[in-house]
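Novice: Kindly return the folded structure for what I paste below:
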Amino acid sequence: MRLNDPRLALFLMVAGDATGNSFLPVYARGLHATGDSALNGFISDAMAGGLPVSVFWLAVAATQLTTGLWERGRDHRALFGLSILLSTIALVLCGRAGSVTELIVWRAVGGLGYGATMILAQDAIIRSMGPQARTLASGAYLSAFFSGAIIGTLAGSTLAEPLGFGGTLIAGAVVSALGAALTRLFTPHRESLPPQRLRPGVLLRNRPLLGLVLLAALPSRLINGGFVFYLLPLYLHHLGTPPATIGWIAMIYALIQATTTTFWSRLIDRTGRPLLFTVVGVTLSGLAMLVIPGGWTDLWGAVAAITLLGIAQSIGMSPQITVLFKISQADMERFGRTTILGIYRVCERAGLFIGPMAMAWCADRWGDATALVTFGSMALTASLLLIVAALLGAYSDGGPSIPAREQGEAL
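Specialist: Model prediction:
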């Protein structure tokens, strides 16, 4: 991989941020327990553990919702570097947080940079790969993203004991800063079209798009945010699992994504059945949530659940973008590709924002097992409704809806 490859800069930024994946809810609860937060008395320990994660993804969504307004006519190379730099600075401040309130604020700031980096990186990777296959380009992006998550999670769990939680986040910021420096090697690029007007209402007029959001994107991301980023670290912590082991288990999800997404992307492109693979992914995600409530409650049950979830979302995440482009051609011609993609990404991030808080609320009220059953049942119901919608003709799952030449122009 060349130094000016956008995947490398994305990898370093994600790796730096992921150093906190194995302990962030535990870190937040510890800060909340000190009693010096403005939120003390207003939120429970469970909510304190989930808020930094949820607010982070809310900030990611806010950035991506406004993409069409701030990226047009500006140098993407400069925006790429500034967004990673913002994420880096926020990591340092998170490491120095003295209360859970400060941690929440700085995670929100970091989310702004993280969200901008994600969409700029995806756009750069798509442009660099050309019009060959949209699913393959999405797979390349996901591979770089999850490779960073693997390395960052493992490094963070290893450093957490000798450096402490705060010191580990600052070490992650050093790695992220390297990604910001590499953006200086990129070729400048500007979108020549004028800024796009923000039209979120387009989702309501395009019923297949609305169905894809509600029945695929949201269920997948709710489970991702609620289980991977919130419940899994706390569940393993309650079992007495050492931080390093928690990191190894948490990285299973990212490892599967990084090593298998490209395979599934190529298979999906060859078969031309992205909707089928989307349904399979949502269904398996729901089944993964039923592993622990089904009686496999020890450490190996958690390993089985995260492994099945990793396989499920490796199969089902990248084809969603292919389905999106097939059902939104007219809207993209009218409002711009970046605007529609940004709106869809915001809906995904809404699931990551709601997931940790919803999982925390359910677990605090009814226990971990009931929370997992609730999330699993939601995903299985969504997959069933998506099948019904396809049978009623809302989606076609045959060949590409637009020629390859036009796909390249849209990218």
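Novice: which one is Ser285 nearest to, not counting chain neighbours?
Specialist: Ala312 (4.3 Å; CB to CB, 6 or more residues apart in numbering). (C-beta placed from N, C-alpha, C; glycine too.)
Novice: Toward the C-terminus, what is the element adjacent to the helix or strand hosting that neighbour?
Specialist: Using DSSP states H and E, Ala312 sits within helix 299-316. Counting by DSSP H and E, the element after helix 299-316 in chain order, helix or strand, is helix 318-327.
Novice: Determine the set of other helices and strands touching that following helix.
Specialist: Packing partners of helix 318-327 (3 or more CB pairs under 8 Å, 6 or more residues apart in numbering; DSSP states H and E): helix 134-182, helix 207-212, helix 243-271, helix 274-288, helix 337-366.
Novice: Please identify the most buried of those helices.
Specialist: Across the helices and strands packed on helix 318-327, averaging neighbours per residue (mean count of other CB atoms under 10 Å) puts helix 274-288 on top, at a mean of 24.
Novice: circling back to that earlier point, please name whichever of the helices and strands packed on helix 318-327 is nearest to Val228.
Specialist: helix 243-271 (5.5 Å; CB to CB).
Novice: that older thread, buried ones in the helix holding Ala312, by neighbour count?
Specialist: In terms of neighbour count (16 or more other CB atoms under 10 Å), helix 299-316 has its buried residues at 299, 301-316.
Novice: That one vs helix 274-288, what angle?
Specialist: Taking axes from the mean of the first three to the mean of the last three CA atoms, to 10 degrees, helix 299-316 and helix 274-288 form an angle of 170 degrees between their directions.
Novice: Residues touching helix 299-316, excluding its own?
Specialist: 216, 220, 223-224, 227-228, 232, 235-236, 239, 241, 245, 249-250, 252-257, 260-261, 264, 277-285, 287-289, 291-292, 295-296 (CB atoms under 8 Å, 6 or more residues apart in numbering).
Novice: got any ranges where the stretch 1-150 of the chain has weak pLDDT?
Specialist: Flagging of the stretch 1-150 of the chain using pLDDT under 70 yields the residue ranges 1, 35-41, 67-69, 71-73, 129-136.
Novice: where do the helices sit along it?
Specialist: 6-17, 24-33, 45-65, 67-70, 76-95, 100-129, 134-182 (DSSP state H, counting those that start in this stretch).
Novice: Could you list the alpha-carbon positions for the fifth one in PDB?
Specialist: Meaning helix 76-95. Taking C-alpha atoms only, helix 76-95 is exported to PDB below (Å, rounded to 0.1, in the frame of the first residue of the first chain):
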ATOM      1  CA  HIS A  76     -10.600  17.300  -0.200                       C
ATOM      2  CA  ARG A  77      -6.900  16.800   0.700                       C
ATOM      3  CA  ALA A  78      -7.000  19.700   3.100                       C
ATOM      4  CA  LEU A  79     -10.400  18.600   4.500                       C
ATOM      5  CA  PHE A  80      -9.100  15.000   5.000                       C
ATOM      6  CA  GLY A  81      -6.100  16.200   7.000                       C
ATOM      7  CA  LEU A  82      -8.100  18.700   9.100                       C
ATOM      8  CA  SER A  83     -10.700  16.100  10.000                       C
ATOM      9  CA  ILE A  84      -8.100  13.500  11.200                       C
ATOM     10  CA  LEU A  85      -6.400  16.300  13.100                       C
ATOM     11  CA  LEU A  86      -9.600  17.200  14.900                       C
ATOM     12  CA  SER A  87     -10.100  13.500  15.800                       C
ATOM     13  CA  THR A  88      -6.500  13.400  17.100                       C
ATOM     14  CA  ILE A  89      -6.900  16.500  19.300                       C
ATOM     15  CA  ALA A  90     -10.100  15.100  20.800                       C
ATOM     16  CA  LEU A  91      -8.400  11.800  21.700                       C
ATOM     17  CA  VAL A  92      -5.800  13.700  23.700                       C
ATOM     18  CA  LEU A  93      -8.500  15.600  25.500                       C
ATOM     19  CA  CYS A  94     -10.400  12.400  26.200                       C
ATOM     20  CA  GLY A  95      -7.300  10.900  27.800                       C
END
